Structure formats: structure tokens, C-alpha cells
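Visitor: Predicted structure and sequence below. I'll ask about it afterward.
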Amino acid sequence: MEPRDRPRRLRTDGVRPLLSETTLSPTDLVTPIFVDATTDERVEIDSMPGHERVPVDESADWVLEVMETGVEAVMMFGIPESKDEMGTRAWAEDGVVQRAVREISAETDAYVITDLCLCEYTDHGHCGVLEDGAETDPNLTVDNDATLELLDRIAVSHAEAGADMIAPSGMMDGMIGTIRAALDRAGFENLPIMSYAAKYESAFYGPFRDAADGAPAFGDRRHYQMDPANAREARREIALDVEQGADVLMVKPALPYLDILADLRREYDHPVAAYNVSGEYAMLHAAADRGWLSLEEVAHESLLSIKRAGADLIVTYFAEDIAELL
Ligand code: PBG
């Protein structure tokens, strides 16, 4: 019996591009950038080859370099000059992110998204203010509602500096609603919020925590970030952020959580984002260094898969390299 259906008919070089269901474009990609107030030179990040912490003065030049590759959007993280218990440098008018956003908006046309979290600004490295005794009692952790107030201040300070979109990543309950209200009160009702809606307590963030100097000094983030075992919980988290007014919904990490991403895509009409995190980047680099994988090919395939699963935009450390390839 000869097969009647022969899918191979549609795999010739001529027809493949006509039929490809998913395409990647540089304008789908967002490059994370690390702006560092503690240095006046660029500092390479060992665990993320090709990425550097840049001083505020060079942030606009750095973004112009990113834009030469075709990538038009950046996600900004700041490393402040000093840290304290409350993370006060996170909402300072002359804080590292606030200064860099001003410079970048003055000198480039880049679309600037700011990550909004306290972990790079607190001396204990947690994503908010601590309950009394949290240093020693593993059952105590970040004080949710006290932290919300601080997140509001940070959001407004980013908006005043000229951020184009705010991306809260701290996984505090109710954060999208309170930040939305704070932005509206301050006259920023047109500023969109991209929520890290389903953010897992993931071991894939390791290299980032080196880069941004944001590892918790004790304990971990299990009390606020999600359990990797849970998918239904993600639905609930996402529904809450939708109710509270999130404009874009993000899943993070990306590759180990494509099921979550695909489910989100099916359930909601909102734009969907995925964060291809530092560990996903570092492991491909490490394998490629040993000659075990072809870096460009695996990076491209990773991003294509994330898009196929439902992402409209991808935050990725591969953005520039892949944009150039495209
Ligand atoms: C801050 C934040 C983290 C990442 C993005 N924003 C670290 C964390 O939650 O521990 C991780 C990004 C990456 O690994 O690339 N809350």
C-alpha cells in the first residue's frame, strides 16, 4: 500500500517558507540591560557572555548599540549605589534607573520597559520589606501590604522619569491593582503595565542574581514566587492580574514553562510575553563553548518555540544576536 498522505511533499525548500506558521522578527524581542551606579566602566557578566553592567553615563550609547541590531525595546534593571532595609534607592528621583531612563529617552527612540522590584535595592535581597524576625524564622517573610506601598512609589518614580512601560516582578498579592491606581492618581493612566503574572520560584535565575546582585541574603523566594509544580495556580495568578488591570501578561521562565504559556494564550486575548531567563541563556552558552551545541541554531529554535507556544514578545539575552541573524 502506498501512502496517500505524504506530509513530506510540503517540506521542499521552495514551499517551506510559504507554509511556516511562526516567524520571529527583531521587533518581537526585548533586551534586558543592567545599569550600574557603582561603576564608571562597563563590567562583563561572567555567567552571561556578551552582557555587561553599564554605568549610567553609557546607558544611552549601550541602547543605541542594541538598536543597531534591529531590537527596539529594552527591559531595564538597576544596581544602586547603596542598599538598605527598605530599598529606598528604588524610588529615588536620582536613582540609577530614574537617571538612566531620562538619558535613554532623551537620546534614543528605544521603547523602555522598567523592571519594578525591590530585590536589587534591599540589603537583604528580598523583593520587599521584611516582617519582624524574618532573618531567623523561616516562617516569616516579606510583608506583602507594606511592600505594596513601596511598589507604588517606585512605579510613579519610573513613570516620572519617562519609562514607556512598567513591569512589576515582585509577586506581591494585589500589586497590579495598587500600582495601576497609583499611576492613575499621578496622571499616568496611559502608561501600560506588563505583569510578571506567572513567575516561578526558579533555579534558572542564578546568573541574573549574580548580574544584578540580587540574591537573597538568607532564605529563598518560595513564599512569594510560584511553585514549579503548579499549573492551575498560574491560571489563578493570571486571572487576578487581569482583574487588576494588567495590560500584558508574562510567563517566566520560558522554556520549562511552555505549557503555562500555551494555556495563557488560549485563555486570554491580552498580549502575552515570555521571559527567556538568564539560566536558559547560560546553559546554551556553556554547552556551545564545549562544542556540544551550535549556539545560533539552538538560540533561534528556542525563541521560535517560545513564539509558537504563544508569546507575542520575548524578553531574552539572545535578542541582539538573533536580531542580527534575522
Ligand atoms: C527581580 C527579577 C529577577 C529576574 C527578573 N527580575 C530575579 C528573581 O526573581 O530572583 C530574573 C531574570 C533572569 O533570570 O534572567 N525580581
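Guide: In hand now; what should we look at?
Visitor: Now do stretch 128-144, average pLDDT.
Guide: For stretch 128-144, the mean pLDDT works out to 86.
Visitor: Please enumerate the strands of the stretch 101-250 of the chain.
Guide: Using DSSP state E, counting those that start in this stretch, the strands of the stretch 101-250 of the chain run over residues 111-116, 165-168, 194-199, 248-252.
Visitor: Out of the ones you listed, flag the one nearest the ligand.
Guide: Comparing these against the ligand with C-beta to the nearest ligand atom, the closest turns out to be strand 111-116 (5.2 Å). Every residue, glycine included, has its C-beta placed from N, CA and C.
Visitor: Now for Leu325: which residues touch it?
Guide: 296, 300 (C-beta atoms under 8 Å, 6 or more residues apart in numbering).
Visitor: let's go with 10 Å and repeat that
Guide: The neighbours of Leu325, taking C-beta atoms under 10 Å, 6 or more residues apart in numbering as the test, are 24, 26, 69, 296-297, 299-300, 318.
Visitor: Next, format the strands of the stretch 101-250 of the chain as TSV and append mean neighbour count and mean pLDDT.
Guide: Compiled in TSV, these are given as follows (neighbours: other C-beta atoms under 10 Å; pLDDT from 0 to 100):
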stretch	mean neighbour count	mean pLDDT
strand 111-116	23	98
strand 165-168	24	98
strand 194-199	27	96
strand 248-252	25	98
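Visitor: could those be laid out in TSV, adding distance to the ligand?
Guide: Output for the strands of the stretch 101-250 of the chain, formatted as TSV (distance: least, C-beta to the nearest ligand atom, whole Å):
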stretch	distance to the ligand
strand 111-116	5
strand 165-168	8
strand 194-199	7
strand 248-252	7
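Visitor: got these as a markdown table, with distance to Ala159 columns?
Guide: Listed next are the strands of the stretch 101-250 of the chain as a markdown table, based on distance: least, C-beta to C-beta, whole Å:
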| stretch | distance to Ala159 |
| --- | --- |
| strand 111-116 | 9 |
| strand 165-168 | 7 |
| strand 194-199 | 14 |
| strand 248-252 | 16 |
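Visitor: picking that back up, check the contacts of Leu325 for burial and list the buried ones.
Guide: The neighbour-count criterion (16 or more other C-beta atoms under 10 Å) marks 24, 26, 69, 299-300, 318 among the contacts of Leu325 as buried.
Visitor: I'd like those as TSV, with secondary structure appended.
Guide: Formatted as TSV, the entries for those read as follows, by DSSP: H, G, I helix; E, B strand; the rest coil:
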residue	secondary structure
Leu24	coil
Pro26	helix
Thr69	coil
Ala299	helix
His300	helix
Phe318	coil
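Visitor: Closest one to Ser169 out of those, please.
Guide: Distance to Ser169 across the buried ones among the contacts of Leu325 (C-beta to C-beta) is lowest for Phe318, with 19.7 Å.
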